[in-house]
Each structure stands twice: as structure tokens, then as C-alpha cells.
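>>> Requesting a structural model of the entry that follows:
(chains A and B)
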Amino acid sequence: MFTTVKSFALDGISGFPVEVEVCAQKGLPSFDMVGLAAGAVKEAKERVRSAIKNSGFEFGSFHTVINLAPADVKKDGSSLDLAIAIGYLTSTGSVPYKNCGDYVFLGELGLDGALRKINGVMPILISALQLGYKKFIVPYGNAKEASFVDGAEVYAVRSLSEAVNILIGLNVNPIEKEVFDQYSDYVCEVDMADIKGQTMAKRALEIAVSGAHNMLMCGSPGTGKTMLAKCVTGIMPAMTFDEAIEVTKIHSVSGLINEEEGIVRHRPFRSPHHTASLPSITGGGNNAKPGEVSLAHNGVLFLDEMPEYPRKTLEALRQPLEDGVITVSRVNRTAEYPADFMLIASMNPCPCGYYGSSVKKCTCTPREILNYVSKISGPLLDRIDIYVTVDNIEYGEFRSRRVPESSATVRERVERAREIQRKRFAEYGIRTNSQMNNSLIKRFCTLDGDSENMLGKVFVKNNLSPRATTRILKTARTIADLAGRENIASDDLAEAIQYKTVDKKELTVF
Amino acid sequence: MKLTTKQRIIYALTKVQGIGCVKGRKIASYADFSDFGDFLASLRNVSANEYIEIKAALENTDFEKTEKELAEKGVEFVTVFDEEYPKSLLPYQDMPLALYCIGDVSLLNTPSFAVIGTRFPTRYGLRATEEFVSSLSDRFTIVSGMARGIDSCAHKAALKAGGKTVAVLGSGVDIVYPPENLSLYRDIISFGLAVSEYEPGTPANSFNFPARNRIISGLSRSVLVTEAGIKSGTMLTINSAIAQGKDVFCVPGSIYSAASSGVNKSIRECQSRAVTDVNDIYDELGLTKQEIVKPSLIQLDFNEDAILTALKENGEMHVEEILDVVDLSISQLNSLLTRMETAGLINKTKHNYWSV
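Residues are numbered from 1 along each chain as shown, chains lettered A, B, ... in the order given. Next comes the predicted model:
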């Protein structure tokens, strides 16, 4: 008998429908699979055979051909196992075919017939809903993730036999929808209150996070740059449901979803090591998998010791920093992944790390310092809005009477500022101040006479480039939002000037 | 340019090994330079070997080719016999017989002031250099060595203030070293003068650099050192200036700053005078003082007053330290600091550090 069972395979961060056609006839016993099965799909044959036997079904002597349609698209991943097994069982008549057409089958089979969770359930479900599919049978391990998809009727099963039970009409209830609570249990690796001093850097972080500005921290080893960066998770605004879905799709494809959570609730904070390969940062591999820049979508990409990264890696960040997406092209596949992240980078002022330090003497030559700093190219520096120097905390500061603010307090301000931006930019298709283009800057960053005057003076004194001025304006806009002001006041602009970025020449003079 | 017979003889002399500045100047003082034959005949006190070498140089040098090359590069050849040769260098026996120049040669005989310092400056040194040069350049041509750091800053400040500047190079006058100074070099040759005792095309050899220091100090009435480490080449210039009997002025620095250790030592050993503003120099040289334009006082509020007082007391302060003094949030303090900076009341010494 000939049967068709529906399933989905992954392509980038969306799924595409695969029809598993099974034709089992009397004849010389065989089990063949056609239809450009690659990698894990090719091996499905053996898993399916054992799973069927070990679930108590009969694996008869049939001449079996399995076709994965469309036949000209390469299919990878283990999501098709369940569909192949169901296709075989219905085709050989062990299981009635009657209800099969209603469901989309997803899941990887174990040799004992158990169903294992697969990557990419959320993107597959979302794509399938758009194509009009309604009912899904997914592995139990993916239940939580699937439960966040609106409009899908999802049945979670633990094994092949449970899936068959649904088909033969045993009463099984679909899983319940989860309500997304964006404010639940905030994780906070390092609380701002735990960091003494560094008020300047902390304020800069607050502004950077509020407007999603890219930021560079420069300082000697041991001054706390990494610790400051770790604070970021604690002050990041909560994600909206839509943002969370975007992030979950990417993380799901990469197999990074926590089974219990099912969704990425908090903004991602990715810190790839500087030895990371270029494809691991941008995305790539045979199947054009998402890289770190995409995994950091809607969150933070932290590059510790930025000049240590290969030049190529840093230059590759320019497109995603500009466009918020990255296109990964490979022979087999081209995929476009969202990569709208906020860059936080840290660096030492020189190879030995102590240039300009009051604690230790620098042993580098000017040429070495210049070479070191030159690893960060001008175009990349152009995309960084905020710059701070982090200094050694001296003894006196540890005893300072000032009580540092906690991350929770700061986060409240950040949330308010983001809310203002969200409302302001609702009709422009952007979310934060850092994404403003020139016409929006002209519109929302108007200055009063006093401010114009000050900016003019600073412009002349520091020999600023027009680009640097735009960055100051964007930062000032965020500071005004933090203060809840409708227009940029001269105070906001004055503060923004303190975090202005520097050019290469200035990086080499302390 | 066309070389005169005198210039040709001197050019040939500079090519002879063993005839250095001192010997060359001695020969120039007595020999007959009217033509090659008379010159050779009038030579005294030279060894047979040197005589043969000089003769060979006179006969074998292709002067037409040299003239063409100099003309192509726009280089002027100024010898001790020329009017353009700096009078200030004449008294010293170890000065070169000739200088290769690109730019305004008349600057060699203007009142000049050397401003030099470390190749690894701090903001403090750069600021001091800018301030001193901007007023010194009203009265003097600023002479320096176009090295990284203070030297380059001095040239730039002089050009920015509309003054004149002379760069004494340790390489050929057509060689830009350090390479990042290309645009500065272009400005110097168009609005000032670049000078070298080495033939055009001579690469930047480290052993040539200390030697040009004597020309920097020789050209100048006095020498100002704004920042120098204890082992820097600037200390050699101070020594040569003192040997030439010039006044040396130093801008004192923090006792903790390595970049000021040299100037502080020089002041301690009474080699030089500590100066804190340009009028100290004018006072010493007997020139009329210049009115220093102080930033106009703006209405100070309570906090600004507190910051100014604290900065005056402590010299340099970190933002964190200032926060301890005033009752302001970091946000308010940062905007206040920008206001005070634009008003000219305070200065950033380096990132996060402020001073009056």
C-alpha cells in the first residue's frame, strides 16, 4: 500500500514541508530511501527499523521504497524519523492510515522506540502554521517549546507507540498553551551594587543598554572590564514576546533551548573566545548554521580583548552591525539570519596592558601600541557610540561612602527608556535610538540654542568628524530618554560628550 | 639650482671621509675657494691621504647630476659662505659646512626658539607644549626635530597659531620620518622650513638623530623642554644646549610621572630653569611680558566652585574622586564637567582625569 505522511525539515530558521511517501509491496525484502537524504536522514533507516521492532510492531518482509518529497532539496536533521516510521507502519497496514493526514509528525527515534527531542521545533511550527497545518505530534522533550506557539494544536508523545495511540483514536489531549511572563525570575550574574567605584563605566553601560548602543571599554588588566560586562545581563530590559520568539527560533535551530524553559526568556549574552573561527561567529558550516552574531540577536555580543580577535572576524561584524541581519551563503544553502545585537567590547590600551596606567609601567614601543590599536579598524570604530576608560580602583574608593545602585534600580530606568523608544519608533520599524538613521536623527535629536553652541565648541576643540557628532546626538537622545525628557536638553548633550568615542590617534595617547 | 664654485667645493668636501664638520670648518676658514686648482694649492694641514681623497672627489663628482637632483627635489644647498646660512651656527666649530633645505630658507636667520621633548608624551606634556608654543610663536620661529610626540606637537601648534617653524631632520631632508608625519611634513615645507645636514635620500638612521640635536639648540636662542624621560634623546639636546651656552627652560612635571623624570632631574641639577608660564621665559630673557588671556569667569554655582577648589588643591583628580567631593550623580557631574571644560575652566588630563 502507498501512504504519505507529512513532516518538516529545517532550512535556516524556517521549516519546509517534507512529504514522506512510503510504498511497501510484496517482493524481495528491501528498505530503500530516496529523495536527497543527507547526514542524519540517511541513517534514519536503521533507527526506524529497530524502533519499529522494539516498539512491538512487526517488521515484515516487504519491498519498501521511501521517497522524501520534494526530491530535489537536501534534507538534514533527525526530525523526519517519526514520519518515516509512521509511513512504514501505515503502508504495511500495521496502523490504520485514516487520521494520518491531519498531523505533522516530528521527532527523532531511539532504537527502543523512544522519541527524542529535535532542534528547531519552534521555527518549524511557525512555518507550518503559515502554510495552514494545524495539528502536530512532537517529542515530549520539545513540548514546552511548542507550547509557546500560538494557534498550534500540539500533541507531545514519549515514544512511537504513543504516537500510534493518537492515530488509532485513543483519547489524548493536546498540551496546554504557556503564557509568556517576561518579567519572571530575572537572572543577574553580577549585581552592579557589588562593583565598588567605576561609576563612570556603570553609567555608560546603563546608557548603552538603554539605547542599544555599541560600547568599547578600554583599561589595564584587572580593572574590572569583564566584571562590568557581566553586569549587563542584570540591567537588560525584558524581552517582549515577539522578541523572545525571534531569539528562540535561532537558539532552537542551534539546539540551545532548555527543555524545562522551552523559550529564551532573557536577552542572550554571548561571549565567544577570541580563538573562535570566523564561521562560528558569523554562521556557516555545510548547512549555514547560525553563528554567535545571530545567537546574540536582541541581546549582547561581548568581545573581551577585542584586538586579539583576527582582523577578519572583526571586519565581518560590520555588515550585521549596520543591517541587523547576516547572510550566510554556502554551496548547499543560503540563509539569512537576524543579527541585531549590541556590541560590548573591551580592550587593553597596549599589548602589555599598562599603557597609561598609574600602577605599572608600560613596556611597549609606540609602534607596538599603534599596531595593537590598529587592529580595530576605523569603520568598526565608527559603529561604536560609547567609549569609556576603566581605571584601577584605588584603596580610597573601596571605602567610599557612596552606596552603589543595584542592578534592579538601574533596570527600572532602562525599561522606562526602552518603553519611550518603543513608542516613538513604533511607526518607523526600529526599536532603539542606536538604529536611527540620519533623517530620524534630524527629527528626534533637535537641539536648543545653548546645546548647539556647546556642540559647536566641542566640535572645533576636538576636531570631531560629522560621524562622531551623530554618535553624540544618538547618545544624548538616550540620556534624555533615561531622564524622561521629550527633547534633548543641554545637560543631556553635555553628558553625552563625556562618552564620545575616540579615533585611533586618541587611543594611543593617554 | 646652479651650484657656484664655492658650493661645488664644499659639496665635494662633504663627500670626503675623514673630513668632518670641525676639519671642514677649519679648511673653510683659510683656503682659497675661487677655483679647484687654487683650492687644492692652498690646502694646508691635511694628510696626503686626505689630499688625494679631496682631489678625487673634486674630479669625480658629477656636479651637473647633483644640481639636477637637488632641483628635482626642490632642495636648496646652503653653505657657510652663503648669506642664508644661519649666523647663529657660525660661532660653533662642530656645525656642518652646508645644510640641505626645503622651504623658506630666510627662516634660518630669524629669532628662533627650540621646543622639544619626549617621543612618548602624556596629555600634560602635549597641553603644555601647545600653550607655550602658541604664545612663543608670536615672537620666535619654533625649532624642533619633527620626532613623534612633543616635537610634532610643537610644529603643529606653531603652524596652527600662524607662526613659523623649522624642522631639523636626522634623515635626508626629503625623507619623512616618522612616516605618520607625512601631512605635517608637507605643511612644514609649505609654511616653514625643513633642514638637514645629510644628503637628500639618507634614510632615518638612529645614530644620526642625536647629532642633529646640536643644530636644533644651535639655531635657537633658548631651548624649552616640556616633557622628557630620564633616558630620552631630549636629555642629550639639553646637554648640547648647555655646552653651547644657551638657556634651557623646563616645564616641571609630577614626581610620579616617568615622562617628566628627565626635566625634573635637569631642574634639580640646576641645568635648567623651571617655568610655569611663558612670561617666566620672557622675564628671564628680558623681554616684555605678554598678557595671558585667562578664561572669562562665568557665574559659578556651588558645585562648580567645589570642583574647582578641589582640583586646585589636588592637582589632578579622577572622576570617582570628584564624585566624593560633590553631591551629584555621575550623570549630573559629567554634564557639569563638559560645561566647565567648554568654558575653559578645567581640562581633561587623560581619560577620566581632570585638572584645572
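>>> How about residue A:476, nearest residue that isn't a chain neighbour?
Take residue A:476 and drop its neighbours on the chain: the residue closest to it by Cβ to Cβ, 6 or more residues apart in numbering or on different chains is residue A:496, 3.9 Å away. Heads up, the C-betas are built off the backbone N, CA and C, glycines and all.
>>> quick one: low-confidence parts of the chain?
Using chain A. A:182-187, A:393-401, A:503-510 (pLDDT under 70).
>>> The intended chain is chain B.
B:292-300.
>>> Residues of it that sit close to chain A?
B:119-123, B:126, B:148, B:256, B:258, B:318-321, B:323-324, B:330-332, B:334-339, B:342, B:350-352 (Cβ under 8 Å from any Cβ of the partner chain).
>>> Check those for burial and list the buried ones.
The neighbour count (16 or more other Cβ atoms under 10 Å in any protein chain shown) marks B:119-123, B:126, B:148, B:258, B:318-321, B:323, B:330-331, B:334-339, B:342, B:350-352 as buried among the residues of chain B next to chain A.
>>> quick one: which of those residues sit in helices?
B:123, B:126, B:319-321, B:323, B:330-331, B:334-339, B:342 (DSSP state H).
>>> Residue A:279 looks like it's in a helix, true?
Yes - secondary structure of residue A:279 (DSSP: H, G, I helix; E, B strand; the rest coil): part of a helix.
>>> and it, how far is that from residue A:317?
14 Å (Cβ to Cβ, to the nearest Å).
>>> Tell me which of those two has more neighbours.
A direct count of neighbours by other Cβ atoms under 10 Å in any protein chain shown for residue A:279 and residue A:317 places residue A:317 higher, at 24 against 15.
>>> quick one: contacts for that one?
Listed by Cβ atoms under 8 Å, 6 or more residues apart in numbering or on different chains, the contact partners of residue A:317 are A:281, A:293, A:301, A:343, A:380.
>>> That one and residue A:173: what is the separation?
Going from residue A:317 to residue A:173 by Cβ to Cβ gives 47 Å.
>>> Look at residue A:206 and tell me its secondary structure.
What three-state DSSP gives for residue A:206 is helix.
>>> Which residue would you name as the spatial centre of the chain?
With no chain named, the answer covers chain A. Central residue of chain A (Cα atoms, centre = their mean): residue A:295, 2.8 Å from the mean position.
>>> Not quite, go with chain B.
residue B:144 (1.2 Å).
>>> Quick check: bridge partners of it?
Taking DSSP bridges as the rule, residue B:144 bridges to residue B:167.
>>> need the contact list for it.
Counted by Cβ under 8 Å, 6+ apart, residue B:144 has contacts B:114-116, B:150-151, B:154-155, B:165-168, B:216.
>>> pretty sure residue A:16 is touching residue A:127, no?
Yes - when contacts are counted by Cβ atoms under 8 Å, residue A:16 is listed as touching residue A:127 (7.0 Å).
>>> Between the two, which contacts overlap?
Contacts common to residue A:16 and residue A:127, judged by Cβ under 8 Å, 6+ apart, are residue A:8.
>>> follow-up on the earlier one: would you agree the residue nearest to the centre of chain A is in contact with residue A:255?
No - applying Cβ under 8 Å as the test, residue A:295 and residue A:255 come out as separate, 11.2 Å apart.
>>> strand partners of the helix or strand where residue B:115 lies, parallel vs antiparallel please.
Element membership for residue B:115 (DSSP states H and E) is strand B:112-117. Paired neighbours of strand B:112-117 in the sheet (DSSP bridges): strand B:141-144 (parallel), strand B:222-227 (parallel).
>>> Alpha carbons of it, as PDB, please.
Once non-C-alpha atoms are left out, strand B:112-117 reads as follows in PDB (Å, rounded to 0.1, in the frame of the first residue of the first chain):
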ATOM      1  CA  SER B 112      64.300  81.100  17.000                       C
ATOM      2  CA  PHE B 113      63.200  79.100  20.000                       C
ATOM      3  CA  ALA B 114      63.600  75.300  20.300                       C
ATOM      4  CA  VAL B 115      60.700  73.400  21.800                       C
ATOM      5  CA  ILE B 116      61.500  69.700  22.200                       C
ATOM      6  CA  GLY B 117      60.500  66.700  24.300                       C
END
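>>> Assumed residue A:15 was part of a strand.
Yes - in this structure, residue A:15 lies within a strand as judged by three-state DSSP.
>>> can you tell me which residues contact the closest residue to it other than its chain neighbours?
Closest residue to residue A:15 apart from its sequence neighbours, by Cβ to Cβ, 6+ apart: residue A:124 at 3.4 Å. For residue A:124, the contacting residues are A:8, A:10, A:15, A:79, A:106, by Cβ under 8 Å, 6+ apart.
>>> cool, and residue B:165?
By Cβ under 8 Å, 6+ apart, the neighbours of residue B:165 are B:137, B:141-144, B:154-155, B:158-159, B:188, B:191-193.
>>> repeat that for 6 Å
B:142, B:155, B:158, B:192 (Cβ atoms under 6 Å, 6 or more residues apart in numbering or on different chains).
>>> from what I can see the first one touches residue B:157, true?
No - under the criterion of Cβ atoms under 6 Å, residue B:142 lies out of contact with residue B:157, with a separation of 7.7 Å.
>>> joint contacts of these two?
Contact criterion Cβ under 6 Å, 6+ apart; residues shared by residue B:142 and residue B:157: residue B:133.
>>> neighbour count winner among these two?
Taking other Cβ under 10 Å, residue B:142 and residue B:157 do not tie; residue B:142 has more neighbours (28 against 24).
>>> need the contact list for the more buried one.
Contacts of residue B:142 (Cβ under 6 Å, 6+ apart): B:115, B:133, B:154, B:158, B:165.
>>> mind giving me the domain ranges of the chain?
Chain wasn't specified; assuming chain A. A:2-167, A:192-507 (automatic domain parsing).
>>> Can you look at chain B instead?
With domains defined by automatic domain parsing, chain B comprises B:1-66, B:106-285, B:302-355.
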